[in-house]
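K.L.:
Predicted model and sequence below, questions to follow.
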Amino acid sequence: MKIAILSALFALITLPTFAQEVFGPPTRAVYVELGGAGLPYSVNYDFRFDRERVDSWGMRVGIGGWALNQGENSSTSVLTIPVQINRLLGRQKHFFEIGAGATFVRYRDTYTQWYGNQSVQTRTNWDFILDTGDTPALMGTLNLGYRRVPVDGGFTFKANLNPIFNHNGFWPLWFGIGFGYAFN
């Protein structure tokens, strides 16, 4: 008798959650991008401001970087945080993507030399495509490319031209490719 009551209670609690499942276009995505606005690579979350339309304005936020300890005398770390406003233009599952934003960059390269007393040298200037100057710094990013978003969600793919710029110049030929999962 207890099992029957517990089973009925479980069904009453979980049944409404299944009925409330929202069906609609996949307006959110999680993906890994090599190159692109995250510079070397990034893990990103992308969403549309209008949750009813895939072909609308949206935003992407990501994080990338690494930390390497090269023995007790040297370490290197990079942190990138890309943020972009973007627009998808198209229909069904094929879209042209345009966007613009900025990527926060933090770089540290520390080397310790021993000459009787300890001497620590830290370099904060990152020469990745364009010289960032001392970091933390911002790099401007543009986005022009293709995005495939399946109609019912699932595997998503993107390939983009991502020109980057900062106070030291403009680099028009930076590319990105991303793979991930689109959902609503």
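P.N.:
All right, it came through fine.
K.L.:
From what I see, residue 179 and residue 32 are in contact.
P.N.:
Yes. In this structure, residue 179 is within contact of residue 32 by C-beta atoms under 8 Å, at 6.0 Å. Any C-beta I mention is one placed from the backbone N, CA and C, and that applies to glycine too.
K.L.:
The two: who's more crowded?
P.N.:
More neighbours surround residue 32 than the other of residue 179 and residue 32, with 15 against 12 (other C-beta atoms under 10 Å).
K.L.:
Could I get the buried residue list for the helix or strand the more buried one falls within?
P.N.:
Assigned by DSSP states H and E, residue 32 belongs to strand 28-35. Along strand 28-35, these residues count as buried under the neighbour rule (16 or more other C-beta atoms under 10 Å): 29, 31, 33, 35.
K.L.:
need the next SSE after it, C-terminal direction.
P.N.:
Proceeding N to C from strand 28-35, the next assigned helix or strand is strand 41-48, under DSSP H and E.
K.L.:
quick one: that following strand to strand 28-35, angle?
P.N.:
Per axes from the mean of the first three to the mean of the last three C-alpha atoms, to 10 degrees, the angle that strand 41-48 makes with strand 28-35 is 150 degrees.
K.L.:
Grab the CA positions of strand 41-48 and hand them over as PDB.
P.N.:
The C-alpha trace of strand 41-48 is given here as PDB (Å, rounded to 0.1, in the frame of the first residue of the first chain):
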ATOM      1  CA  TYR A  41      39.800  29.400 -27.900                       C
ATOM      2  CA  SER A  42      36.700  29.900 -25.700                       C
ATOM      3  CA  VAL A  43      33.700  28.200 -24.300                       C
ATOM      4  CA  ASN A  44      30.600  30.300 -24.900                       C
ATOM      5  CA  TYR A  45      26.900  30.700 -24.100                       C
ATOM      6  CA  ASP A  46      24.800  32.400 -26.800                       C
ATOM      7  CA  PHE A  47      21.200  33.500 -26.400                       C
ATOM      8  CA  ARG A  48      18.600  35.400 -28.400                       C
END
